[in-house]
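Visitor: model this:
(4 chains)
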Protein chains: 4
Amino acid sequence: MHGYADNKEAHQRRLRRIEGQIRGLQRMVDEDKYCIDVLTQISAATRALQAVSLSLLDEHLQHCVRNAITEGGAETDEKIREASDAIARLVRS
Amino acid sequence: MHGYADNKEAHQRRLRRIEGQIRGLQRMVDEDKYCIDVLTQISAATRALQAVSLSLLDEHLQHCVRNAITEGGAETDEKIREASDAIARLVRS
Amino acid sequence: MHGYADNKEAHQRRLRRIEGQIRGLQRMVDEDKYCIDVLTQISAATRALQAVSLSLLDEHLQHCVRNAITEGGAETDEKIREASDAIARLVRS
Amino acid sequence: MHGYADNKEAHQRRLRRIEGQIRGLQRMVDEDKYCIDVLTQISAATRALQAVSLSLLDEHLQHCVRNAITEGGAETDEKIREASDAIARLVRS
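Guide: I've put the predicted structure just below:
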């Protein structure tokens, strides 16, 4: 069971909406929509993806990292390092 | 004709690949893949969207903004302001 | 004369304010302020730097790129490519 | 004692270097350096600030969040929420 198990449906809804945004972008390019309008829609899709990331990361801290720390043991440091690396990738992307 | 007319096919290919990445993310969530692995894939999709943006923006400068400036007239300032606004949205998203 | 010549004083004021924010951060670390509060101030300084960038970039388009296009010649493509590269660095930083 | 106590000197050194970068930027503007070169230096300062953030955040997870979870109690949820909020601010700035 992963951190996001409780919100699986909410994440799927968001990802389906993002898939719709990407298909909308393909349509816009196909119909030669104005570059700036395409860019505005890409920014919206990027922000939506970012929101999914932030929500997954919060759940990861709430569950996986919290459990690893509560149980202690060798895995704890690894879990925290992994979370920090994911945060760094997110900040830099 | 818009700035990206010459590269329409390349943009469509990239957007279809991103659509595939989003569907891959839905599958990962469906199969309860590990949060950190989902986050890594979201970062990849975000970077791919960003690359489309940067490429559209470059073409917008190369064509639309360049044409507006060459032709002169009232529309020029508007075009440059529009490009700056799009850049700001992109930087902040 | 560069794109930002008219706003030199405004940029200097902003950069001095950012320098003050960085010195404030040193003081916070020195006084062992709470990590989260330090992070909040770093976000503020980062946003302030970003605002300077966006403003310089807008002026660059308004003046340097516009002049290069108006004058035409070999330098034009180079100027636009340079602007696109700067935008890419900004988006990725 | 905060999460970053062990690395205080390293953070101070980095912040002093960033202060030097900001003063370098003031000098560049003062000497009318080329916009694109100023932008490149701002990107460097932004990335340096981001590196301080990521390092503080990692130490915050390693110490403050870990201690709060180990000790349990009402403060734990608050600590995790606070970390998630800081991550969101960082990602969006």
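Visitor: show me what the host helix or strand of A:Ile22 is packed up against.
Guide: Per DSSP states H and E: A:Ile22 is located in helix A:8-30. In terms of contacts (3 or more Cβ pairs under 8 Å, 6 or more residues apart in numbering or on different chains; DSSP states H and E), helix A:8-30 is packed against helix A:35-60, helix B:8-30. Any C-beta I mention is one placed from the backbone N, CA and C, and that applies to glycine too.
Visitor: helix/strand/coil for A:Gly73?
Guide: Classification of A:Gly73 by DSSP: H, G, I helix; E, B strand; the rest coil places it in coil.
Visitor: hmm, back to that, right, so the helices and strands packed on helix A:8-30: which one is the most enclosed?
Guide: helix A:35-60 (a mean of 21; mean count of other Cβ atoms under 10 Å in any protein chain shown).
Visitor: circling back to that earlier point, let me see the mean pLDDT of the helix holding A:Ile22.
Guide: Across helix A:8-30, the average pLDDT comes to 97.
Visitor: quick one, what contacts A:Glu75?
Guide: A:Glu75 makes contacts with A:Ala68, as judged by Cβ atoms under 8 Å, 6 or more residues apart in numbering or on different chains.
Visitor: the helix holding A:Ile22 vs helix B:35-60, what angle?
Guide: Interaxial angle, helix A:8-30 versus helix B:35-60 (axes from the mean of the first three to the mean of the last three Cα atoms, to 10 degrees): 20 degrees.
Visitor: distance of the residue in chain A that chain C sits nearest to relative to B:Thr70?
Guide: Closest to chain C within chain A is A:Arg92: 7.4 Å, counting by Cβ to the nearest Cβ. Using Cβ to Cβ, to the nearest Å, we find A:Arg92 at a distance of 37 Å from B:Thr70.
Visitor: so which of those two has more stuff around it?
Guide: A:Arg92 (15 against 12; other Cβ atoms under 10 Å in any protein chain shown).
Visitor: now the most centrally placed residue in chain A: closest residue in space, sequence neighbours ignored.
Guide: Centroid-nearest residue in chain A: A:Ser53, 2.2 Å away (criterion: Cα atoms, centre = their mean). Residue nearest to A:Ser53 in three dimensions, not counting chain neighbours: B:Ile42, with 4.9 Å by Cβ to Cβ, 6 or more residues apart in numbering or on different chains.
Visitor: can you check A:Ser84 too?
Guide: D:Asp58 (4.1 Å).
Visitor: I appreciate the help and will end here.
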